[in-house]
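sequence and predicted structure are below.
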Amino acid sequence: MLSVHTSPLHQPGTGDAGGMNVYIVELSKRLAELGTEVEIFTRSTASALPPLVELAPGVLVRHVTAGPYEGLIKEDLPAQLCAFTHGVLRTEAGHRPGHYDVVHSHYWLSGQVGWLAADRWGVPLVHTMHTMAKVKNASLAAGDTPEPAARVIGESQVVAAADRLIANTDEEAQQLAEHYGAHAGQLSVVHPGVNLEVFRPATATPTGPVGDALGNPAAEAARVRAIRARLGLPQDAVVLLFAGRIQPLKAPDVLVRAVAQLLDESPELRDRIVVPIVGGPSGSGLAKPEALQKLAAQLGVCDVIRFQPPVGQAELADWYRAATALVMPSYSESFGLVALEAQACGTPVVAAAVGGLPVAVRDGETGFLVRGHDPRAWARTLRRFVDHPELGARMGAAAARHARAFGWDAAARRTAELYADSIARTRAAQARGMATATAR
Ligand code: UDP
């Protein structure tokens, strides 16, 4: 696997680390359990990092030196792709020929490296986009910086070179075809998963059936009270959680504006609403890391918003459990893993009807889908959790059941099948090529 611009060892929820990191970690671990050994190449970002780290049994992370360890942002990395590719090819050259059976690249920067490596080694290139410049640019937040033309060109080259493109949803597959000319024979849809051992209702055991936990709402509520106490959240509050990277595309400002709207309409709710924002600045949000705090101050809602730095997955699970609802007003999402994670913890999700979110959230059953980004519409939907206190628990139980369908095992099994199929096709094509050459 190639993950040039962000390491599977980084803490997700800030900077360049997010769902893709979680995707690579979870997928690799499950692939290894199924018997597919995985090596993940990533750019080294500190001199102290060892060249090789075992992430899990059967999963190695290889740190490749390509450019200075610190001070490079993602936008600088196209200039380091040659150095990175050199590191990857040198590593392979140290093994017997045929060491790698398939290259799976993540994000277009890795796709550029994978294109060359796969070609050299005579193995298939499987690629996952994670996000696409043309799709992002089509739905930017007001004033946000568009993705550059160089990325669009690079993505088109990767699509043309890939033997197989794995899309998160049918919609993403369609976008790959429409915007990048991918053909049907290249495209496969694999829904990402959620780690159901980490993300589960408070009273569920890591491996037990979720129904047991949901069958005892009183015990679940008691456990959630204890979690709220530990996190410093009031017991009787409506907790509207945002979790993830803070950048205009994720639109946490829409949540802040919606809450301000709600409090304008009903000032008596001031003591009953808490909005934790868990995560750190990222992407174009890094240019103005204080923007959200300033907005909250301008709108006079600093007292209800709580900013929390990013946390590990087990701790994040407690934030989900403590929340009445997770709120995702994103302008664009290739999938939106946090929507699955929150639901797996028994928490409904209020999400924008974009990207994978309509797949992750069942509108009216496990949460609500909101069209557009008008804070008044968001305020109206969030208000339902205030006016109907039983809604959170009812939708939460449905959400936990719904999320069970999205385990990583299924995603890994399907991905392993796609690897096997791509390898078989490549070998067959090579055999045909050799036969033709011999006949000549
Ligand atoms: N995340 C985390 N700690 C945090 C906030 C987020 O580990 O404090 C993780 C979260 O569990 C999720 C990922 O970051 O798996 C975000 O993925 P998502 O697909 O929602 O968004 P992306 O970052 O890919 O845009």
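Right, received. Where do you want to start? What you are looking at is a predicted structure, and each value in this text was computed from that prediction instead of being measured.

how near is the residue of the stretch 51-200 of the chain found nearest the ligand to S3?
Nearest to the ligand, among the residues of the stretch 51-200 of the chain, is H130, at 7.0 Å (Cβ to the nearest ligand atom). Where you see a C-beta, it was placed from the backbone N, CA and C, and this is true even at glycine. Taking Cβ to Cβ, to the nearest Å as the measure, H130 and S3 are separated by 10 Å.

rewinding a little: now do the SS call for the residue of the stretch 51-200 of the chain closest to the ligand.
Assigned with DSSP: H, G, I helix; E, B strand; the rest coil, H130 falls in the coil class.

which one of H130 and S3 has more residues nearby?
S3 (26 against 20; other Cβ atoms under 10 Å).

roughly how far apart are the more buried one and L231?
Per Cβ to Cβ, S3 is found 32 Å from L231.

so which elements touch the stretch of helix or strand R321 belongs to?
For R321, the host element (DSSP states H and E) is helix 313-322. If you count contacts as 3 or more Cβ pairs under 8 Å, 6 or more residues apart in numbering; DSSP states H and E, helix 313-322 packs onto helix 217-231, strand 238-243, strand 273-278, helix 337-344.

now do it, average pLDDT.
Regarding helix 313-322, the rounded mean pLDDT is 98.

can you list the neighbours in contact with it?
13, 22, 195, 198-202, 223-224, 227-228, 230-231, 233, 239, 241, 243, 276, 278, 308, 311, 326, 341-342, 345-347 (Cβ atoms under 8 Å, 6 or more residues apart in numbering).

that one and the ligand in contact?
Yes: counting by Cβ under 6 Å from any ligand atom, the ligand has neighbours in helix 313-322: Q313, L316.

what's the mean pLDDT across the next helix or strand after that helix?
Heading C-terminal from helix 313-322, the first helix or strand you meet, by DSSP H and E, is strand 325-328. Strand 325-328 shows a mean pLDDT of 98.

all strands for the chain, in order.
Assigned by DSSP state E, the strands in the chain fall at 2-3, 38-43, 52-56, 59-64, 103-106, 125-128, 164-167, 187-189, 238-243, 273-278, 305-308, 325-328, 349-352, 367-370.

Throw those strands into JSON lines and include distance to A287, thanks.
Output for the strands of the chain, formatted as JSON lines (distance: least, Cβ to Cβ, whole Å):
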{"stretch": "strand 2-3", "distance to A287": "24"}
{"stretch": "strand 38-43", "distance to A287": "22"}
{"stretch": "strand 52-56", "distance to A287": "32"}
{"stretch": "strand 59-64", "distance to A287": "28"}
{"stretch": "strand 103-106", "distance to A287": "25"}
{"stretch": "strand 125-128", "distance to A287": "28"}
{"stretch": "strand 164-167", "distance to A287": "30"}
{"stretch": "strand 187-189", "distance to A287": "34"}
{"stretch": "strand 238-243", "distance to A287": "20"}
{"stretch": "strand 273-278", "distance to A287": "18"}
{"stretch": "strand 305-308", "distance to A287": "18"}
{"stretch": "strand 325-328", "distance to A287": "22"}
{"stretch": "strand 349-352", "distance to A287": "23"}
{"stretch": "strand 367-370", "distance to A287": "27"}
